[in-house]
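Trainee: Fold the following.
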Amino acid sequence: MDGIIIKNMKNILLTLMILSVLPFINTAFADHLEGSMISDSECADKMGRECYCWEQGSCKFTSDPLGTMLKPFDAVFGGLALVIFWAMVVGLLWLRTESPQLVGIVGIAMVASYLSYLETQGASPTPEFEMARIVGVILLVISFGIAFYQMIVARVLSGPQ
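Mentor: Take a look at the predicted model:
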């Protein structure tokens, strides 16, 4: 019992020590403050092209967190970053569970939310997004097929009740 109390007191002391240092971190690591970054023109001169907002740290993360996180990957994957990441999630889910019905249901939810993304944003579709939409519809049909097949097989194999 005394060992637990001593351990908790050590954790509380460590937490208080860390919290006492926090006000000084802002001045020590001030490279993220306004005016401490290079300007757009300086960045363009150094890079030889227009700099992206994620290269300068000027993206509006709070207004669109998912879109901001996907911007660097969309530049590389041509607008299909979300599809690639979701394919990895579904693939890892399949490798861990080996349940086609679970993977089908999760796939349906993910693809349906991705297909509704454009309508909620109110933006005009890019060619990459239209390609992703076609892939999404194909994945949605496959996911429905897998889920429906698993429901039928599970019912047939369960036998009469």
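
Trainee: Quick check: next helix or strand after the helix or strand of the chain with the lowest mean pLDDT?
Mentor: Lowest by mean pLDDT, DSSP states H and E among the helices and strands of the chain is helix 117-121, with a mean of 69. Following helix 117-121 in sequence order, the next helix or strand is helix 127-158 (DSSP states H and E).

Trainee: per the record, what domains does this structure have?
Mentor: Per automatic domain parsing, the structural domains of the chain span 1-60, 78-161.

Trainee: Please compute how far the longest one lies from its chain's middle.
Mentor: When C-alpha coordinates are averaged (Cα atoms, centre = their mean, to the nearest Å), domain 78-161 and its chain have centres 16 Å apart.

Trainee: and if you look at the first one?
Mentor: Here the centre of mass of C-alpha atoms in domain 1-60, compared against the chain's by Cα atoms, centre = their mean, lies 21 Å away.

Trainee: residues contacting the most centrally placed residue in the chain?
Mentor: Nearest residue to the geometric centre of the chain (Cα atoms, centre = their mean): residue 66, 6.2 Å. Taking Cβ atoms under 8 Å, 6 or more residues apart in numbering, we find residue 66 in contact with no residue. Using the backbone N, CA and C atoms, a C-beta is placed for each residue, glycine as well.

Trainee: Now it: which helix or strand?
Mentor: Assigned by DSSP H and E, residue 66 belongs to helix 65-77.

Trainee: who are the neighbours in contact with the closest residue to residue 75 other than its chain neighbours?
Mentor: Spatial nearest neighbour of residue 75, excluding adjacent residues (Cβ to Cβ, 6 or more residues apart in numbering): residue 52 at 6.9 Å. Residue 52 makes contacts with 71, 72, 75, as judged by Cβ under 8 Å, 6+ apart.

Trainee: mind checking how far the first one is from residue 58?
Mentor: Same thing as residue 71. To residue 58, residue 71 is 11 Å away according to Cβ to Cβ, to the nearest Å.

Trainee: residues near residue 59, how many?
Mentor: Per other Cβ atoms under 10 Å, the neighbour tally for residue 59 reads 18.

Trainee: For the helix holding residue 66, give the mean pLDDT please.
Mentor: Mean pLDDT, helix 65-77: 82.

Trainee: rank the domains of the chain by pLDDT, which is bottom?
Mentor: Ranked by mean pLDDT, those bottom out at domain 1-60, with a mean of 73.
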